[in-house]
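Q: Would you be able to build a 3D model of this:
(2 chains)
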Amino acid sequence: MKRRTFIKRTAPVAALPVLINGMSIKSHASSSLLRMLAAKAENDKVLVLVQLNGGNDGLNTIIPLDQYTNLTTARSNIIIPSAKVLKLNGFENTGLHPSMTDLQNLFNNEASLNIVQAVGYPSPNFSHFRATDIWLSASDSKQYISSGWVGRYLDDAYPGFPENYPNTDMPDPLAISIGGVVSPAVQGPEVNMGMAISNPTSFYNFAAGITDPVPNTPAGKELEFLRLIANQTDKYADRIKTTYNASTTKTSKFPSTGNYLADQLKIVARLIAGGLKTKIYVVTLGGFDTHSNQVSSSGGTETGGHADLLSKVSIAVGAFMDECNKQNMSDRVAGIIYSEFGRRILSNASLGTDHGAAAPVMVFGTQVNRTIIGSNPTIPSTVTVNDNVAMQNDFRQIYYSTLVQWFGLSKTEADTIMLKNFDTLQIFKTTGSINSLAPAEITMIENYPNPFDNSTTIKFNTKGGRVVIRIFDPIGNEIKTLVNKTLPAGTHEVVFEAHSLPPGNYYYNVLSGNSSISRVMLKK
Amino acid sequence: MQRRDFLKNFTTLAPSPTARAQATPTTGLTKYSGSWGNAQVLHLLRRTLFGVKESEISTFKALGLDGAVNKLLAIDTTPPSPPVNYYSNGSTIIDLAVPAGQTWVNAPFNNDLSYYRRRSVKMWWTGMLLNDTTIREKMVLFWQNHFSTEGEVIYYEQMVYKMNALLRKHCLGNFKTMIKEVTIDPGMLRYLNGYLNTKTAPDENYGRELQELFTVGKGKDSHYTEDDVKNAAKVLTGWRIDASTVTSYFDGNKHETSNKQFSSFYNNTVITGKTGASGAQETDELITMIFQQNEVAKFICRKLYRWFVYYDIDSTVETNVIEPLATIFRNNNYDIKPVIETLLKSEHFFDTLSMGCQIKSPIDFVLAYCRQTEITMPASSEYVQNYNIWGNIQYYAALGQQDINDPPNVSGWPAYYQEPQFYEFWINSDTLPKRLTFAYALLYVGTTISGFKVIIDVLAFADKIPNASDPNKLVDGLAELLLAVNISSSVKAIIKSALLSGQSSDYYWTDAWNAYKANPNDTTNKTYCTNVLRAALKYIFELPEYQLN
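A: Numbers count the residues shown, from 1 in each chain, chains lettered A, B, ... in the order given. Below is the predicted model of the structure:
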């Protein structure tokens, strides 16, 4: 496999006309360095992907109470008694499976849950393996893409990986899968951007010394891969161990045994709290392929295999959010709970359901928009084996919205990563500014003098809100954060002191609300 | 099908093979007529056994290509003696139906002992994988990956054993016969809900996987439809399980008797609905219809290729290997042995580009490690020790993401279908250190299991390498046996420097080795040789090259 070098990807930047002011990142989206600047300047947000393997039965997870009569006709042997369905404040026609009390609490009391109804894609595929492939690669139904959507995001944000990584700006793995398997979601266009860990405290050393050149053969290709993993494993071992040990779990809500998902999220929380800069974590829970015995044959339909699984999800996510709150990091952590498909409306005779189509997706975090996006699926009065929940929202809208609203990418960048444009859904409260629905738009920005000797003044106009201004050197190293506070509307000035810095180009990035603008300036 | 824990997850389908390697072999199935040296013998044995012992090189070399392949294919068709009660401990675990050391496979299901019995199947199978000197067990594992079922889901230990025995019985036999038996095997009926599939609510699980994963596959020319899945499910309605006798039977009252119309992919075949016991015939008609598709043979040949050669199937390999191999498969009415024989004797198989390019699977890694170093095992009469040691070896493979008899899901291990990683799926920052943990444990301090210490006797191992007193020849011999790709003289120099303990003259090793050989009880030389051999072997095991096969 060929890997670009960092130099190759950043070379065009050196040729940029340095004296021209007012250069916007957006107009140079093809420049890797500028894209990296945009990504680095953007935020410290973390995303946790919670994948439910097997195809979760959405109709018994988020229950459409206004469809209850028809739903009862279609699945009388597995339907949840309406009296037991958990209420969602403000949404009397929609409720949660009775075993998800922690998620109910997140929605009703913590305002930390967003539910997107009937998520799918046109021409759904009913094979586990192909459907998972579609969800992780974010492809169309008939399109085959071997990279994952997260891998493409990370490839864009951290160009050239793994050459020259880790480095001072990104000392940590870009993505971590908990368990022994790296998620295909983080497969980049050329290399896998993630690493897998199951025990954060045990790593081993690999043979160093002379490495023979790699022959131009299949064996050579595999050898190159093996060396890469061996090197990476070594590089990150100490950082992961140190950060893991740098924090302790504060919540008491993680169950001590019997909940694999909680075990994984507990590790994730410790790594984030310990200061790991990793952007993406992937955790998984299997067992959702409930062809049979989805509900108990004796103990009531609100109990059984599916209830146990949903309970695990609810408890694990509830504990994780409690831990994030106690660690004061909940404002920068969000998670998406999804499955490769939902299940058929009609139940089968085995107290189960066969492979289906659209299903709800849940997004958790204190910065989500506490609401239900979309309406209850409509259940026909007569349901046949061919009837499926129709999609209302494309799963890629959720990814797209996350890239824009959570990671602060421009729509142009999101278009590239998601391979086309999607309409955003208002999943997160805001798009970059914390605790305010109104983004603080920047309407003017300049610095003077330019070129400058020892200092220059950056002047900008905002409609009010939180503003972040950071300075970078041409390689993309952050020199300092000049401003990071909420400002009133109006024109503001801030002085950049550069006495101790060598002459040359510097970049400043202004982030506020929807805007992320960069300019270049020259120290003489 | 249920899926369980977070250790085994993430599966996606790899639909379209793409070319990614820098150079791929262009040779085909013409019989190989090149040189027959250690490199060829080792390549053949590495791909068909689980690791190679030094003595096997000369044994198989003497047979020539035909003799060597024929010997590997001459499998013992007598069913091996079944797994036994290794688990009774007289206090907390008691089996009233089965005396210690006797087999439980004909005893009734026992919910309290089911875990131990299923565990015993894995241990027993690991023992066979370790000791087989023919291709049989590599084929059984191939078929388990193909007809992937999870023992933990099947749960009934008798069914778990029976499925394993079924795959062994047919491992080089007839694929069509095997499909029929797998389709109505009690374990498979349980795993893919076939026993719950009735006319009132067809369960599509098996009807789908029969096509997608077991026969025609999802290649670019495979165009069965969602309606074909539903109709296959209807054909298969009525099969039930009698758990007490571990058998399946057909219940005509549960069978959907309407006609089943298939798509143009199956030439618009209609399977006429039948009532009563005759409904079972529809299953045969379904299999006959499916096997008329050329995709079946191509799909299986691609999987065999990825098992024995390499994962990258570009258009050249498709034309030169897959298609002619599929023709052989069809012309032999789906007999498996002629296909394997042709592949293993081909120019393509012995092409230098086909060598050393597999990444050892976890079970291959642990077993090859034990076979290569010829770790001493307890006498076969010590079944408790043997079972627990096999179990320990198997456990390390499971940590590496290959838990035999419990693959991750119905599509088997991602290393054999997950594009673009394929074998690279096995290696990441979690699994690679775990492989070394296993290697270190048996190299240095050993592991004591049921009172038996399992450890590499590095002195006995080195003594099997020809001319071990010459450090250059010892390093050459170790590298040839242990590494599937060549290493340079400078890497060999590092290994030799370990033997010389940093000294510059060869006689430091030669003198110590000869002194040890002359007086094996002399502690000084014995300790010196042990320590430096361990250091040299550690270096080899840590080389990324050691992961290749």
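
Q: tally of neighbours for residue 485?
A: I'll assume chain A. Other residues lying near A:K485 total 7 when counted by other C-beta atoms under 10 Å in any protein chain shown. C-betas here are computed from N, CA, C, even on glycine.

Q: look at chain B instead
A: As a measure of burial, B:V485 has 22 neighbours, counting by other C-beta under 10 Å.

Q: From chain A, how far off is it?
A: 5 Å (C-beta to the nearest C-beta, to the nearest Å).

Q: go on, B:F349?
A: From B:F349 to chain A the distance is 13 Å (C-beta to the nearest C-beta).

Q: Hmm, A:V363 and A:A334 touching each other?
A: Yes: counting by C-beta atoms under 8 Å, A:V363 is a contact partner of A:A334 at 6.5 Å.

Q: ok, which stretches of the stretch 101-250 of chain B are helices?
A: B:114-131, B:136-146, B:151-154, B:157-169, B:175-183, B:186-191, B:205-209, B:226-235 (DSSP state H, counting those that start in this stretch).

Q: Just the mean pLDDT for the second one, thanks.
A: The average pLDDT for helix B:136-146 rounds to 98.

Q: hmm, who's touching it?
A: B:48-50, B:75-76, B:125, B:128-129, B:132, B:164, B:167-168, B:170-172, B:178, B:213-214, B:300, B:303-304, B:307, B:336, B:340, B:363, B:404-405, B:407, B:412-413, B:416 (C-beta atoms under 8 Å, 6 or more residues apart in numbering or on different chains).

Q: For chain A, give me its nearest residue in the stretch 51-200 of chain B.
A: At 3.7 Å from chain A, B:L196 is the closest residue in the stretch 51-200 of chain B, using C-beta to the nearest C-beta.

Q: Setting the sequence-adjacent residues aside, check what's closest to A:N454.
A: A:H499 (4.9 Å; C-beta to C-beta, 6 or more residues apart in numbering or on different chains).

Q: Distance check, B:T269 against B:A97.
A: Going from B:T269 to B:A97 by C-beta to C-beta, to the nearest Å gives 48 Å.

Q: can you give me the helices in the stretch 401-549 of chain B?
A: In the stretch 401-549 of chain B, the segments counted as helices under DSSP H, counting those that start in this stretch are B:431-443, B:458-464, B:471-482, B:489-499, B:507-518, B:523-542.

Q: Give me the contacts around the fifth one.
A: Meaning helix B:507-518. Residues contacting helix B:507-518 (C-beta under 8 Å, 6+ apart): B:459, B:462-463, B:468-471, B:474, B:496, B:499-501, B:522, B:525-526, B:528-529, B:532.

Q: Got a quick PyMOL command for the buried subset of those?
A: Applying 16 or more other C-beta atoms under 10 Å in any protein chain shown to the contacts of helix B:507-518, the buried members can be selected in PyMOL as follows:
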select buried, chain B and resi 459+462+468+469+470+471+474+496+499+500+525+526+528+529+532
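
Q: can you list the weak-confidence ranges in the chain?
A: All of this is about chain A. A:1-43, A:180-181, A:198-199, A:201-210, A:430-443, A:472-478, A:511-520 (pLDDT under 70).

Q: think we crossed wires, I meant chain B
A: B:1-22, B:502.

Q: follow-up on the earlier one: B:T269 and B:A97: which has the busier surroundings?
A: Per other C-beta under 10 Å, whichever of B:T269 and B:A97 has more neighbours is B:T269, with 19 against 12.

Q: Go ahead and confirm that one touches B:F262.
A: Yes: at 4.6 Å, B:T269 counts as touching B:F262 under the criterion of C-beta under 8 Å.

Q: Please enumerate the shared neighbours of these two.
A: Common neighbours of B:T269 and B:F262 (C-beta under 8 Å, 6+ apart) are B:M289.

Q: May I see the helices of the stretch 401-549 of chain B organised as TSV, with distance to A:F422 added?
A: TSV is the format used below for the helices of the stretch 401-549 of chain B (distance: least, C-beta to C-beta, whole Å):
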stretch	distance to A:F422
helix B:431-443	36
helix B:458-464	60
helix B:471-482	52
helix B:489-499	51
helix B:507-518	67
helix B:523-542	47
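
Q: nearest to B:A201, of those helices?
A: Proximity to B:A201 (C-beta to C-beta) singles out helix B:431-443 among the helices of the stretch 401-549 of chain B, at 41.2 Å.

Q: and that closest one, how far out from the chain's middle?
A: Put simply, helix B:431-443 sits 20 Å off its chain's centre (C-alpha atoms, centre = their mean, to the nearest Å).

Q: residue contacts, the closest residue to B:E54 other than its chain neighbours?
A: Take B:E54 and drop its neighbours on the chain: the residue closest to it by C-beta to C-beta, 6+ apart is B:K464, 4.4 Å away. If you count contacts by C-beta under 8 Å, 6+ apart, B:K464 has them with B:53-55, B:374.

Q: now that we have those residues, which one has the most neighbours?
A: B:E54 leads the contacts of B:K464 on contacts (other C-beta under 10 Å) with 18 neighbours.

Q: I'd guessed it sits against B:L481; true?
A: Yes: counting by C-beta under 8 Å, B:E54 touches B:L481, with 5.7 Å between them.

Q: before we move on, which element is A:I80 in?
A: According to DSSP states H and E, A:I80 maps onto no helix or strand at all.

Q: Now do the nearest residue in space to it that is not next to it in sequence against A:P98, distance only.
A: Of all residues beyond its chain neighbours, the one nearest A:I80 is A:E302 (5.2 Å), with distances taken as C-beta to C-beta, 6+ apart. According to C-beta to C-beta, A:E302 stands 5 Å off from A:P98.
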